[in-house]
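1. Structure of the sequence below:
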Amino acid sequence: MSGSYLSRGVDPEKADVHQALRGISKGLYTDTFCKLLPDLLAGDPAYATILHADTAGTKAALAYLYWRETGDTTVWRGIVQDALVMNFDDMACSGALGPFAVSATLGRNRRLVPGEVVVELIGAAEAFFEHMRTWGIEVQSAGGETADVGDLVRTLDVGYTVATRLKRSAVQHIQLTPGMVCVGIASFGQARYEPSYTSGIGSNGLTFARHELLHQYYRAQYPETYDPGLEEQVVYQGPYRVTDPSPVPNQTVGQLLLSPTRTYLPFLKALFGLGLPLGGIVHCTGGGQTKVVHFIPQRSVTVLKDNLPPPPPVFDLLGSTGASPRELYQVFNMGVRLEVYLQPEAAPGVIGCANQLGLEAWVTGRVAAYDGNARLHLTDPVRGEVYSYS
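-> Here you go, the predicted model:
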C-alpha cells in the first residue's frame, strides 16, 4: 500500500516533514503528545499553552463527491467534526480539556462550492460546540477565514486552529515502562454521546480508501476531486458507488467512509476525574496502530499488541482491496483509535469508565523491556501473524 500511496502523492510516514522538523524546539517537554509552550497569554509559570491546527484532509474531497451525487448537504457536518476532533483529541492526550478557542480556515473553489455549503459548515461547528458543552467541555468560536481560492483548492479544505491553557501539573506525559498494559478504546459503535453508529474510520487514509474502493465512474464525472497529474491507474479503481449498500445495515458505502470521527473528550474528562496514575495516552491517527512508536525512545521498551479486537466492517472493506494487512495497521486505527497506558491493576477502572459511556474497551497489549529488535510487535487478530515496526 505504501507504493500506491506514494503514487498518489502521499507519504504515509511523512518522512520529509519529520526531517524538516529536526532541530526545531519541542517546547516545554519532549514526552507529551502535543507541543506545549510557556503561558504566552498570562505569563503564569504554573500554566502552559497549546496551539494546535489540523484539517479533515482528503475526506473533504469524498464529502464533496457524495454531496454532488446525492444533494445531501448534511454530509458537511461530519467533515467539520472530523477536523475539530483531530485537534481536540490530540490536545486532550496531553491533558487539555479546555476551555478551547477555535478559529476556522475554510478554503474553497467558489465556482464549485456555493454559499449553502459554507452555511452548513459554520452551523455544524456551532452545533458541535454546543453538544460538547452539554458534556462539560467549554468551546468558543474565535471566528476565522473563509477564502475563495479556486486557483489553489480544487474543491474545499476544512481546517481549524485551536488554543487553550492548562496547568502544568495536569499535563499528561508519555513515559512507558515495562509491566504497563495498554487499554484500547474502540473507534466504532455508538457511544452515549453519539446520535448514531460510528464506523471508526476517522480521518486518516482516505486517499487510499477513496481511490481503492470507489468506481472509475467518478474519475470522469468529478475530475476536480483528484490531482490531474496522477496516473489513471491509481485513480478510482474500486467496485463501489457511494450509494451502494455496505456491510453495515442501513449504511451505504459512502456513509460508512464518511462516518464522523469519534471524539473521546467526554471519556477523557471522566478518566482524568478518576485520578489514576497514567503512563501515557496515544491518539492513533497518522500512523494508525504504529503511532505509539513515535513516543518510544530508541532501545527503551517494546510494546506488544497481542490482544487487539477484530477490526469492524469498514476495515474489512478496505482489506478486500488486497492491501497488505501489515500496512493497513500502519495507516488506519483498525478499530482502536485511543490507547491508555498504565499499570495492570488500574486497567479495570479505565475499561469501566469507557463502558459507562457506551464505549468498548480492551486490554490490547503490554509494555516489555526492549527486545533488541523493534519498538512494536503487533499480532493481527484475524490472521495471527505478527508485524514488527521499528
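2. can I assume residue 343 is in contact with residue 182?
-> No: taking contacts as CB atoms under 8 Å, residue 343 lies outside contact range of residue 182: 11.5 Å. Quick note: C-beta positions are derived from backbone N, CA and C, even for glycine.
3. In terms of packing, which of these two has more residues around it?
-> residue 182 (27 against 14; other CB atoms under 10 Å).
4. I'd say residue 315 and residue 332 touch.
-> Yes: the criterion here is CB under 8 Å, and residue 315 meets it with residue 332 at 6.1 Å.
5. so what's in contact with the two at the same time?
-> Listed as contacting both residue 315 and residue 332 by CB atoms under 8 Å, 6 or more residues apart in numbering are residue 201.
6. neighbour count winner among those two?
-> residue 332 (29 against 25).
7. how close does that one get to residue 270?
-> 26 Å (CB to CB, to the nearest Å).
8. Ok, residue 208 next?
-> 34 Å.
9. Name the SS class of the nearest residue to residue 188 once chain neighbours are set aside, please.
-> Distances taken as CB to CB, 6 or more residues apart in numbering place residue 200 nearest to residue 188, at 3.2 Å, with adjacent residues excluded. Following DSSP: H, G, I helix; E, B strand; the rest coil, we place residue 200 in the coil state.
10. and residue 200, what does it touch?
-> 186-189, 259, 262, 312, 314-315, 333, 335, 337.
11. Then residue 121?
-> Counted by CB under 8 Å, 6+ apart, residue 121 has contacts 76, 79-80, 104, 106, 158.
12. Helices - which of the residues you listed land there?
-> Among the contacts of residue 121, the members found in helices (DSSP state H) are 76, 79-80.
13. Tell me the one of these nearest residue 195?
-> residue 80 (14.5 Å; CB to CB).
14. burial of the closest residue to the closest one other than its chain neighbours, as a residue count?
-> Using CB to CB, 6+ apart and skipping the chain neighbours, the partner closest in space to residue 80 is residue 124 (4.0 Å). Applying other CB under 10 Å, we find 21 residues neighbouring residue 124.
15. Now residue 124: which helix or strand?
-> Assessed by DSSP states H and E, residue 124 sits inside helix 115-134.
16. next one: that helix to chain centre, how far?
-> 19 Å (CA atoms, centre = their mean, to the nearest Å).
17. give me the element residue 53 is part of.
-> If you go by DSSP H and E, residue 53 is part of strand 47-55.
18. Give me the sheet partners of that strand and which way each runs.
-> Under the criterion DSSP bridges, strand 47-55 sits next to strand 37-38 (antiparallel), strand 156-167 (antiparallel) in its sheet.
19. of all those strands, which gets the most neighbours per residue?
-> Ranked by mean neighbour count, the strands paired with strand 47-55 are led by strand 156-167 with a mean of 21 (mean count of other CB atoms under 10 Å).
20. Tell me which residues of the helix or strand hosting residue 141 come out buried.
-> Taking DSSP H and E as the definition, residue 141 sits inside strand 139-148. Of all the residues in strand 139-148, those buried under the rule 16 or more other CB atoms under 10 Å are 139, 144, 146.
21. repeat for stretch 250-270
-> Residues of stretch 250-270 classed as buried: 251-269 (neighbour count, 16+ other CB under 10 Å).
22. Check stretch 194-212 too.
-> Buried residues in stretch 194-212, counting neighbours by 16+ other CB under 10 Å, are found at 194, 197-212.
23. go on, stretch 232-248?
-> 234-238, 240, 242, 246, 248.
24. for the residues you listed, which one is nearest residue 32?
-> residue 248 (36.0 Å).
25. Is it correct that that closest one falls within a strand?
-> No: according to three-state DSSP, residue 248 belongs to no strand; its state is coil.
26. pLDDT averaged over the helix holding residue 124, what's the number?
-> Here helix 115-134 scores 97 as its mean pLDDT.
27. can you give me the strands in the chain?
-> 37-38, 47-55, 100-108, 139-148, 156-167, 181-186, 280-283, 301-305, 336-342, 361-369, 376-379, 386-389 (DSSP state E).
28. Now render these as JSON lines, adding mean pLDDT.
-> Shown next, in JSON lines, are these (pLDDT from 0 to 100):
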{"stretch": "strand 37-38", "mean pLDDT": "98"}
{"stretch": "strand 47-55", "mean pLDDT": "98"}
{"stretch": "strand 100-108", "mean pLDDT": "98"}
{"stretch": "strand 139-148", "mean pLDDT": "97"}
{"stretch": "strand 156-167", "mean pLDDT": "98"}
{"stretch": "strand 181-186", "mean pLDDT": "98"}
{"stretch": "strand 280-283", "mean pLDDT": "98"}
{"stretch": "strand 301-305", "mean pLDDT": "98"}
{"stretch": "strand 336-342", "mean pLDDT": "98"}
{"stretch": "strand 361-369", "mean pLDDT": "98"}
{"stretch": "strand 376-379", "mean pLDDT": "98"}
{"stretch": "strand 386-389", "mean pLDDT": "98"}
